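Participant: Sequence plus predicted model, see below.
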Amino acid sequence: MRANWWIRLILVVLVLTVASSVSSAQVVVSVTIAPPPLPVYEQPICPGEGYIWAPGYWAWGPDGYYWVPGTWVEAPEPGLLWTPGYWAWNNGVYVWNVGYWAPVVGFYGGVVYGFGYTGVGYQGGYWRGQQFYYNQSVTNVNVTNVHNVYNTTVVNNNTTVNRASYNGGPGGSPARPNPQEQQAQQQRHVPPTSPQQRQEHDAAANRTLLASANHGQPPIAATAKPGAFKDSSAKPATNAGTPPPSEPRRETATPNSKDRPESTTPSGEARPSTPVKPPKQEAKPPKEQKPAPPQKPEQKKPPSEKKNPPDKEHPPQ
């Protein structure tokens with residue numbers, strides 16, 4: 001009996017160990033359909049100091065893609081920054097990489113989430129000791145509630161017109177991790193906080209956030225705090241992103257003269273390879289000729305009478 005009791009105890013410990021390891025492991029999500037482009041939306045006002053912006057993203061559920069609104073969330077501890085999750089093309093499928101908290105922002109696929117997330121790092125603020133300082137040029141903060149602010153212009157050279165929400169594959173971001181991002185990958189990571197997980201859970205239960213229902217323009221695109229979907233501060237998407245091309249465009253040269261590129265003249269102006277006929281000019285009716293005015297007969301002046309000069313030899317008497 002005592003041996004059976006020990007066996008049962010060992011089995012219980014093994015079951016608990018396996019259950020805890022499964023709960024802590026991240027579930028890998030991979031789909032064959034590309035996520036929609038990122039919608040266009042405004043950022044709500046930061047609710048207070050210590051909040052860091054976590055951008056919205058497309059998540060996958062039983063009914064397809066749904067939008068998880070961006071939100072302001074408190075960092076788990078001072079000094080940690082948020083690295084957003086991202087979709088990545090891998091061997092014919094799109095794999096979701098979960099975001100995390102770390103002292104340095106890591107690689108997030110080169111996806112331009114905006115509001116300081118330019119595709120590389122985070123330009124929306126930084127930690128100085130226990131205080132977080134906000135860059136007013138890219139974040140929406142009220143100086144009445146937030147006093148630690150500064151202004152630095154952020155030049156984003158990676159902005160794409162199609163607002164691609166994934167890395168790699170046709171139309172995706174071609175970014176690769178730089179040395180700093182590779183180093184950040186080796187640092188300590190803190191998983192998403194409970195409010196962040198609740199934000200995704202509430203979004204999954206909202207049918208209006210399905211991409212099939214909102215066509216890429218979710219009615220709730222961002223919230224001031226996690227779970228505040230019905231708050232007046234929630235922002236709808238103002239526009240849906242432009243979808244990227246399914247395949248990259250390829251241009252091939254052909255020997256056909258019709259497909260030859262245009263040549264240029266010495267002046268730099270484009271000159272078509274096929275001579276262009278000048279447009280026909282409509283024949284203009286001959287101008288009506290007016291009859292010449294009658295010439296006046298030339299009037300000859302009568303010959304002037306010549307007066308003989310006085311004879312010097314015979315002066316007048």
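Facilitator: Done, it's in. A quick note: this is a predicted structure, and the numbers were derived from the prediction, not measured. Numbers count the residues shown, from 1 in each chain.
Participant: Surely residue 30 touches residue 94?
Facilitator: Yes - at 6.6 Å, residue 30 and residue 94 qualify as touching, with contact defined as C-beta atoms under 8 Å. Where C-beta positions appear, they are placed from N, C-alpha and C, glycine not excepted.
Participant: Neighbour count for the two, which is higher?
Facilitator: Shown here are residue 30 and residue 94; by other C-beta atoms under 10 Å, residue 94 has more neighbours (23 against 14).
Participant: The closest residue to the more buried one other than its chain neighbours is in what secondary structure piece?
Facilitator: Residue nearest to residue 94 in three dimensions, not counting chain neighbours: residue 87, with 4.8 Å by C-beta to C-beta, 6 or more residues apart in numbering. Taking DSSP states H and E as the definition, one finds residue 87 inside strand 86-90.
Participant: who's in contact with that strand?
Facilitator: Residues outside strand 86-90 that contact it (C-beta atoms under 8 Å, 6 or more residues apart in numbering): 30, 34-35, 57-58, 94-97, 108-109, 111, 165-169, 172.
Participant: Kindly report the same for stretch 109-120.
Facilitator: With C-beta under 8 Å, 6+ apart as the test, stretch 109-120 has contacts from 38, 43, 53, 55-57, 70, 84, 86-88, 97, 108, 122-125, 135, 138-140, 154, 156, 158-160, 163-168, 172-176, 178, 181.
Participant: Show me how to select, in ChimeraX, the buried members of the residues you listed.
Facilitator: In ChimeraX, this line selects whichever of those come out buried by 16 or more other C-beta atoms under 10 Å:
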select :38,43,53,55,56,57,70,84,86,87,88,97,108,122,123,124,125,135,138,139,140,160,163,164,165,166,167,168,172,173,175,181
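Participant: how about the CA coordinates for the strand holding residue 87, as CSV?
Facilitator: The C-alpha trace of strand 86-90 is given here as CSV (Å, rounded to 0.1, in the frame of the first residue of the first chain):
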residue,chain,number,x,y,z
TYR,A,86,4.7,40.6,-35.7
TRP,A,87,3.8,38.2,-38.4
ALA,A,88,6.7,36.6,-40.5
TRP,A,89,6.6,34.6,-43.7
ASN,A,90,8.3,31.2,-43.2
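Participant: could you point out where the stretch 1-150 of the chain is predicted with low confidence?
Facilitator: By pLDDT under 70, the low-scoring segments of the stretch 1-150 of the chain are 1-27.
Participant: if you set the cut-off to 80 instead, what comes out?
Facilitator: 1-28 (pLDDT under 80).
Participant: which residues in it form strands?
Facilitator: 30-31, 40-41, 51-54, 57-61, 64-68, 70-74, 81-83, 86-90, 93-97, 100-102, 125-128, 131-135, 149-150 (DSSP state E, counting those that start in this stretch).
Participant: residues contacting residue 108?
Facilitator: The neighbourhood of residue 108, defined by C-beta under 8 Å, 6+ apart, consists of 83, 84, 85, 86, 97, 99, 117, 119.
Participant: mind listing what the first one touches?
Facilitator: What that stands for is residue 83. Per C-beta under 8 Å, 6+ apart, neighbours of residue 83: 99, 100, 101, 102, 105, 106, 107, 108, 184.
Participant: same thing but at 10 Å, please
Facilitator: Residues near residue 83 by C-beta atoms under 10 Å, 6 or more residues apart in numbering: 54, 97-102, 104-108, 117, 121-122, 181, 184-185, 189.
Participant: List only buried entries from these.
Facilitator: Members of the contacts of residue 83 classed as buried by 16+ other C-beta under 10 Å are 54, 97, 99-102, 105-108, 117, 121-122, 181, 184.
Participant: now, among those residues, which is nearest to residue 76?
Facilitator: residue 101 (5.6 Å; C-beta to C-beta).
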